[in-house]
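Visitor: Structure, please.
(chains A and B)
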Amino acid sequence: MAFFPHIITYIALGVFAIACIARVLMWMRMPMHLRWELYPVAHEPGNKAKYGGSYLEESDWWKKPREVSMAGELKVMVPEILFLVALWEHNRKMWVRSFPFHFGIYMVIGATVMMMGSALLGLAVPDLMAGGLGTFLHNTVLFCGAGGLGLSIFGALGLLQRRLTDPGLRDFTTVADIFNLVFFIVAFGLALVHFIAIDSDLSRSAGFLAGIVTFSPVALTGSVHEVSFTSATIILMGVLVAYIPLTHMSHFIGKYFAYHAIRWNDKPNLKGGDEEAAIGEMLTQPVSWAAKHIGADGKKTWADLATQEYKK
Amino acid sequence: MNAPLIRDISKGDGPLVHIVNEDQVPLPPPFDKLEDEPRIPPLSDQVKQRFECNLDDTIVVNIPKAKSPAEEEELVNKFLSGLRKSFTKENNWTFLMPLVMSMEHCARCQTCNDACHIYEESGKNPLYRPTYRSEVLRRIYYKYVKEESTWVHGDVDLNWKTVSRLIELAYRCNLCRRCAQTCPIGADNALIARELRKIASQEMGIFTRELHQDGSELQLTVGSSTGMNSLVVKDNVEFIEEDTADLTGLDPEKTKIPWDKQGAEILLIHNAGEIMAWPENVGSFATLFNAAGLDWTLSSDLAAYDGINYGVFYDDMQTARTLLLHAEAARRLKVKKIVLGECGHAHKALTIIGDKILTGDMNTPRESCMPILRDIAKSGKIKWDKSRNDFPVTLHDPCNLVRLMGVNAPQREALKEVVPENRFREMTPHGVNNYCCGGGSGFAIMSGNNFADFRHHFYGRRKFRQILEAFQDEPMDKEHPKYVCAPCSNCKGQIRDIIKYYDAFEKAGIYYGGLVELMVNAMADVKPGYIDFEWH
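Guide: Numbers count the residues shown, from 1 in each chain, chains lettered A, B, ... in the order given. The predicted structure is shown next:
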């Protein structure tokens, strides 16, 4: 039982990774769809990305080289991921709650990654970590860890308050929405109390994560009370990590595809281009829509039905 | 104001909401007195007896009342069957990914609501939130198709009231996708409205007469939703050639409209509504293209003289069928490219939607008329006299052309060449952030029962508000004419109807038209007065 928190952590990380990969694969394996872009498209070059122009503003656009600006995409995506720009612009009341919630999570993730990285660096170059870099990382982890937990709890409480009190949101709020926010508040709250009460220098957390990342777990030490408290915190955080990608909170994955595969997907299908085979495959899908005017029988394909003479 | 909750959609017999003038925000002067605004006439008793009238105070789909509980159950099962098919690659590869994305990842944060002109101009009635119908569909999907816990996804009861209201509610959205633009996650409630329309059409055979029988069916069988076959259209265009020569004072050769010219550089496809309702638009294109020395033609093939594709508003198969007819005409004539006239949804259908349908020799390149008009305006081939357009001008951005296609600058650059700089003013907001005219998704051609009143009074109200705001620094009377440039046939129809509904020409001098009319009006070698403000 001494290693139960470690086992849970490995399982949680495994579930998280597998669920995320499954989610990515699900989106990647989606069939090609018709174009459905929405302007502005961030990778349009120059000023076009700003005012919402496209290559379709050019005469004979297919004869001209298509410019795609990755820098333009990054200029939109990075602030959007970090600062939730769309919410800032269109729903300020929600942003003041959602931004701290999300940014706090990023800080906690950052602190966790830094603790793991510090452990690895400590093994590889112990002298380096014993010096100024080690101190800097430690202080940064303290700031991000504690600050992130606090910020996220503040945001989650705000979101919960708004979901429960705003009539427009309340009608759309499900039990799961409440549960998810409460789960975050409890797990992060426990972690924050753990930090304040028995791990203010983060030595317990850092030691535990060092064991995890180096695959040499060490049993938790201290009084029964301390071990129980740390174990409970780790287990709850582990379950939260595993739970997130199994819910609609996996939108951090979906959002990438929403932007790149749908909203900004303006890649033209040029005659003889690489998309024609995929289109051909879609047009041979059998159709079974039941309305009379469709004329489907479950065997005829899209191509068959779209090209047959139309009769009323 | 009645404010229905999500679960109310399955309850009660009558309409869920009644919208009244007093719920609305007054318009700018001189239309700022709510009490002076027209009242919406009620639906007739006969209509109420025959059709499901249980959503609000209008209907557009005309869903016949189910005759028995057994029929109700059958219709509900059909709906569920269609919903299941929507999530299969075979039946819905066309929009499966965007649909799944919007169903699974909406955070229900309600950010998109305030972007919707219909919700805003209803006095913010919850029924018209972009999220309302999506949430109902989402709950049905998870509860009845995926059979997952209602604790996770929320609960709603599924019965004929739910289904009939949901289908009617799918036609309270202009599909302008302004809501989608604001979504922090990328969910698209307009797409869900369209998917609902598809389930109704493709599985249940329920659609609006205007889009289906009088729309796509007429186009696929006769050649145009206007009912014109190729002989009639040629006859009408001949009149347009003559009228344009008279109006412009140009040599008739300069207003000639070529038909079926093999190997032409450009196949120009108009919305045939222009030929019927705005012949000056068709004549203006001919005048400009001829003056610029372009090698162009129209096609008299089935459907190829009418760029409309109403399938894009409700049915993927009808969309594909119409697209193929347009592409086939271009292939047969061996033209170098198709150019779309001033019709927003025709633009989107052929250039965006059709892009992943047309392959091989059916894949003739397609482009908007806007870049060509910009190039003509700046080419130096035509001498412009801007003083002919010495009146206030504002520009409406058709959603299909601008937000959904990114064609934004060329029409502005063209206007700059033909309108005095101090006479042009933008609406607020404009460009990709514009508001729909209220006629989008086919509404502009829907006027049955009292729907036209709703279309003018609610759906088009934000656009009318924008137009009035754009001209507030001008004397608002008939003696000072103002021009709303709306380079899209459906938008133009809607704006025409709003102007008429509010008597806005008589009261404020507001007139409308396309871009090409303004250009021809500024041609130095054209007789002055091509735009006739008295003709409205």
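Visitor: Return the helix or strand in chain A with minimum mean pLDDT.
Guide: Of all helical and strand segments in chain A, the minimum by mean pLDDT, DSSP states H and E falls on helix A:126-130, at a mean of 82.
Visitor: Check whether the following helix or strand past that helix comes near chain B.
Guide: Sequence-wise, the next helix or strand downstream of helix A:126-130 (DSSP states H and E) is helix A:132-165. No. Against chain B, helix A:132-165 shows no contacts by C-beta under 8 Å from any C-beta of the partner chain, the least distance being 8.7 Å. Where you see a C-beta, it was placed from the backbone N, CA and C, and this is true even at glycine.
Visitor: which other residues reach the helix or strand following helix A:132-165?
Guide: Next along the chain after helix A:132-165, taking DSSP H and E as the criterion, comes helix A:167-170. In this structure, residues lying in contact with helix A:167-170 by C-beta atoms under 8 Å, 6 or more residues apart in numbering or on different chains are A:162-164, B:108-110, B:113, B:126, B:129.
Visitor: which of those lies closest to residue B:23?
Guide: Comparing these against residue B:23 with C-beta to C-beta places residue B:126 closest, at 12.2 Å.
Visitor: Tell me which residues touch the residue nearest to that closest one when sequence neighbours are not counted, please.
Guide: With sequence-adjacent residues excluded and distances taken as C-beta to C-beta, 6 or more residues apart in numbering or on different chains, residue B:126 is closest to residue B:3, at 5.1 Å. Applying C-beta under 8 Å, 6+ apart, we find residue B:3 in contact with B:17, B:125-127.
Visitor: which SS class is residue B:3?
Guide: At residue B:3 the chain is in coil, as set by DSSP: H, G, I helix; E, B strand; the rest coil.
Visitor: So for it, what's the pLDDT?
Guide: For residue B:3, the pLDDT comes out at 91.
Visitor: Distance of it relative to residue A:296?
Guide: Residue B:3 sits at a distance of 41 Å from residue A:296 (criterion: C-beta to C-beta, to the nearest Å).
Visitor: can you give me the strands in chain B?
Guide: Assigned by DSSP state E, chain B shows strands spanning B:266-269, B:296-297, B:337-340, B:366-368, B:393-395, B:424-425, B:482-485, B:510-513.
Visitor: Contact residues of the stretch 201-312 of chain A facing chain B?
Guide: Applying C-beta under 8 Å from any C-beta, one finds that the stretch 201-312 of chain A approaches chain B through A:247-248, A:251, A:254-255, A:257-259, A:261-263, A:266, A:268-271, A:275-276, A:279-280, A:282-283, A:285-294, A:302, A:305-307, A:310-312.
Visitor: So which of those sit within strands?
Guide: Per DSSP E, those never map to strands.
Visitor: Restricted to helices, list these.
Guide: Those of these mapping onto helices are A:251, A:254-255, A:257, A:276, A:279-280, A:282-283, A:302, A:305-307, per DSSP state H.
Visitor: hmm, back to that, among the strands of chain B, which is nearest chain A?
Guide: Comparing these against chain A with C-beta to the nearest C-beta, the closest turns out to be strand B:366-368 (6.1 Å).
Visitor: Need the contact partners of that closest one.
Guide: A:56-57, A:59-61, B:337-340, B:347, B:350-351, B:354, B:401, B:405, B:407, B:410.
Visitor: Pull out the buried residues from those.
Guide: Neighbour counting by 16 or more other C-beta atoms under 10 Å in any protein chain shown classes A:56-57, A:59, A:61, B:337-340, B:347, B:350-351, B:354, B:401, B:405, B:407, B:410 among these as buried.
Visitor: Closest one of those residues to residue A:86?
Guide: For the buried ones among the contacts of strand B:366-368, the nearest to residue A:86 is residue B:405 (21.2 Å; C-beta to C-beta).
Visitor: re earlier: how about JSON lines for the contacts of helix A:167-170, with distance to residue A:121 added?
Guide: Listed next are those as JSON lines, based on distance: C-beta to C-beta, whole Å:
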{"residue": "A:162", "distance to residue A:121": "42"}
{"residue": "A:163", "distance to residue A:121": "42"}
{"residue": "A:164", "distance to residue A:121": "45"}
{"residue": "B:108", "distance to residue A:121": "43"}
{"residue": "B:109", "distance to residue A:121": "40"}
{"residue": "B:110", "distance to residue A:121": "45"}
{"residue": "B:113", "distance to residue A:121": "49"}
{"residue": "B:126", "distance to residue A:121": "55"}
{"residue": "B:129", "distance to residue A:121": "52"}
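Visitor: Show me just the buried residues among these.
Guide: Applying 16+ other C-beta under 10 Å to those flags A:162-163, B:108-110, B:113, B:126, B:129 as buried.
Visitor: Can you tell me which of those residues end up in helices?
Guide: Members of the buried ones among the contacts of helix A:167-170 lying in helices (criterion: DSSP H): A:162-163.
Visitor: Mind splitting the chain into its structural domains?
Guide: The chain I'm using is chain A. A:4-263, A:276-307 (automatic domain parsing).
Visitor: Chain B is the one I meant
Guide: Domains of chain B are assigned by automatic domain parsing as B:6-203, B:216-373, B:383-521.
Visitor: could those go into CSV alongside distance to residue A:156 and mean pLDDT?
Guide: Formatted as CSV, these follow (distance: least, C-beta to C-beta, whole Å; pLDDT from 0 to 100):
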stretch, distance to residue A:156, mean pLDDT
domain B:6-203, 14, 96
domain B:216-373, 40, 97
domain B:383-521, 32, 97
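Visitor: could you give the angle of the helix or strand harbouring residue A:119 to helix A:132-165?
Guide: Assessed by DSSP H and E, residue A:119 sits inside helix A:92-124. For helix A:92-124 against helix A:132-165, the angle by axes from the mean of the first three to the mean of the last three C-alpha atoms, to 10 degrees is 150 degrees.
Visitor: so does helix A:92-124 get close to chain B?
Guide: Yes. On the criterion C-beta under 8 Å from any C-beta, helix A:92-124 is in touch with chain B at A:94, A:98.
Visitor: where's that helix relative to the chain centroid, distance-wise?
Guide: Relative to its chain's centre, helix A:92-124 lies at 13 Å (C-alpha atoms, centre = their mean, to the nearest Å).
Visitor: per-residue confidence averaged over that helix?
Guide: 95.
Visitor: If you count contacts, what does it end up packed against?
Guide: Packing partners of helix A:92-124 (3 or more C-beta pairs under 8 Å, 6 or more residues apart in numbering or on different chains; DSSP states H and E): helix A:70-83, helix A:85-90, helix A:126-130, helix A:132-165, helix A:175-198, helix A:203-213.
Visitor: Output the shortest one as PDB, restricted to C-alpha atoms.
Guide: Written as PDB, here are the backbone C-alpha positions of helix A:126-130 (Å, rounded to 0.1, in the frame of the first residue of the first chain):
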ATOM      1  CA  PRO A 126      23.900  17.700 -10.100                       C
ATOM      2  CA  ASP A 127      26.300  20.600  -9.900                       C
ATOM      3  CA  LEU A 128      24.200  22.800 -12.100                       C
ATOM      4  CA  MET A 129      21.100  22.200 -10.000                       C
ATOM      5  CA  ALA A 130      22.900  22.800  -6.800                       C
END
